[in-house]
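Novice: Dropping a prediction and its sequence here:
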Amino acid sequence: MKLLVLVVFIITNEGTHDVTSMPVSACPPQDVTEEYYNHHQKLGAFKHWAALCTTVHFSKPGKEI
């Protein structure tokens, strides 16, 4: 099984981190994502951010021996 996910990494102003992932039907445009998170970063919501959109491959259940 495959699942397309958007993963967002945030480093907060306090130095802690937060990771959020969400299934998506298509990866969002990079420029829209950058605009959204850069805007919130400039407002002081957090220090740093990174995001990636990737396909996660889940293995099929194996037979028990």
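Specialist: Looks like it arrived, so ask away.

Novice: Can you get me a residue count around L52?
Specialist: 12 (other Cβ atoms under 10 Å). All C-beta spots, glycine's among them, are computed from the backbone N, C-alpha and C.

Novice: make that K2, sorry
Specialist: 7.

Novice: any idea how far it is from K60?
Specialist: K2 sits 12 Å away from K60, going by Cβ to Cβ, to the nearest Å.

Novice: same check, this time on H48
Specialist: When H48 is compared with K60 (using Cβ to Cβ), they lie 37 Å apart.

Novice: quick one: which of those two has more around it?
Specialist: H48 (11 against 6).

Novice: Dig out what the more buried one forms beta bridges with.
Specialist: On the basis of DSSP bridges, H48 is bridged to I11.

Novice: For it, give me its contacts.
Specialist: I10, I11, Q41 (Cβ atoms under 8 Å, 6 or more residues apart in numbering).

Novice: Check W49 too.
Specialist: W49 neighbours (Cβ under 8 Å, 6+ apart): V8, F9, I10, I11, Y37, Q41.

Novice: quick one: T20 is in a strand?
Specialist: Yes - membership of T20 in a strand is supported by DSSP: H, G, I helix; E, B strand; the rest coil.

Novice: Contacts only, for M22.
Specialist: Per Cβ under 8 Å, 6+ apart, neighbours of M22: V5, L6.

Novice: For this protein, which residues score under the pLDDT cut-off?
Specialist: For the chain, applying pLDDT under 70 flags the ranges 64-65.
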